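Peer 1: Show me how the following folds:
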Amino acid sequence: MAGSGRRPEHRGPPELFYDAAEARKYTHNSRVVEIQSQMSERAVELLGLPEDRACLLLDVGCGSGLSGDYISEEGHYWIGMDISPAMLDVAVEREVEGDLLLADVGHGIPFRPGMFDGCISISAVQWLCNADKKSHSPPKRLYRFFSTLYTALLELITAQAMRAGFTGGMVVDYPNSAKAKKFFLCLFVGTSATLPKGLGTECANEELHQAKFTNERTRFRNVKGKSVKKSRDWILEKKERRRRQGKEVRADTKYTGRKRRPHF
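Peer 2: Sure thing, here's the model as predicted:
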């Protein structure tokens, strides 16, 4: 699992804060979209997924599907969970490719064991540290689900994750930068993995030691109706998806998706 987040000021539970207006405002904020894309790219990279097959990922706190867009662009499948109906409504309007589930992750993950190849969470799990109801106990809710959190609460989340049997640790990108510094809590289960190196460290130029997935899944290897990654059809589908999202895309030509000849 890989994820990132920062601790928000207490604004009430997310399902109430993100009403229809706030959900659309969040999704159409160019700065938010840029940050979500960058964090999603790094989170997926830290998972160390195999490059020769599509994987099924869980996106916790998927919101309107901004992080899921990157997962789809990388040729993977995903299921998103979020507690905000308004956010999920926007995701449906945007025609995201992932499946969506309205749920509170503080109650646990309602999927069978071993279903997913990996999990990401971008700017979401830190909400579990708030006690928005009398019945809410942050340690107990965090015990049911673990991810990255603002630096002041990292010990709490890490302790609960290790208690549940996970291995791993914290990856810090650009530790000497006040603005670019990011924290990623990487959790592993069922595998012995070397923790990836953080970006901007002394070892940044060394090859990353990524997690090795030993229990390979075959369910999504040859899924009918899904174009082969990097093929012409895959590129055209990706461009069409970006057009539906209102992004500027180059026109399709006979050269789209054509492999370039090697230069000597």
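
Peer 1: contacts and neighbour counts: CA atoms only from here.
Peer 2: Noted.

Peer 1: which is the next helix or strand following the helix or strand where Tyr70 lies?
Peer 2: Tyr70 is part of helix 66-73 when elements are defined by DSSP states H and E. For helix 66-73, the following helix or strand on the C-terminal side (DSSP H and E) is strand 77-82.

Peer 1: send the alpha carbons of the helix or strand following that next one over as CSV?
Peer 2: Later in the chain than strand 77-82, the nearest helix or strand by DSSP H and E is helix 85-93. Taking Å, rounded to 0.1, in the frame of the first residue of the first chain, the C-alpha atoms of helix 85-93 are listed here in CSV:
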residue,chain,number,x,y,z
PRO,A,85,-22.0,10.9,-2.0
ALA,A,86,-21.5,14.3,-3.6
MET,A,87,-17.9,13.3,-4.6
LEU,A,88,-19.0,10.0,-6.0
ASP,A,89,-21.8,11.7,-8.0
VAL,A,90,-19.1,13.9,-9.7
ALA,A,91,-17.1,10.8,-10.4
VAL,A,92,-20.1,9.2,-12.1
GLU,A,93,-20.6,12.4,-14.2
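
Peer 1: can you state the direction angle for helix 85-93 and helix 66-73?
Peer 2: Angle, helix 85-93 to helix 66-73, by axes from the mean of the first three to the mean of the last three CA atoms, to 10 degrees: 30 degrees.

Peer 1: returning to what we had before: show me what the helix holding Tyr70 is packed up against.
Peer 2: helix 30-47, strand 77-82 (3 or more CA pairs under 8 Å, 6 or more residues apart in numbering; DSSP states H and E).

Peer 1: Now do the same for the residue nearest to Val96 when sequence neighbours are not counted: its pLDDT.
Peer 2: Closest residue to Val96 in three dimensions, ignoring its sequence neighbours and counting by CA to CA, 6 or more residues apart in numbering: Gly65, at 6.4 Å. If you check Gly65, the pLDDT there is 95.

Peer 1: What's the separation between the closest residue in space to Asn130 that isn't next to it in sequence and Leu58?
Peer 2: In space, and not counting its chain neighbours, Asn130 is closest to Pro138: 6.5 Å by CA to CA, 6+ apart. Applying CA to CA, to the nearest Å, the value for Pro138 to Leu58 is 22 Å.
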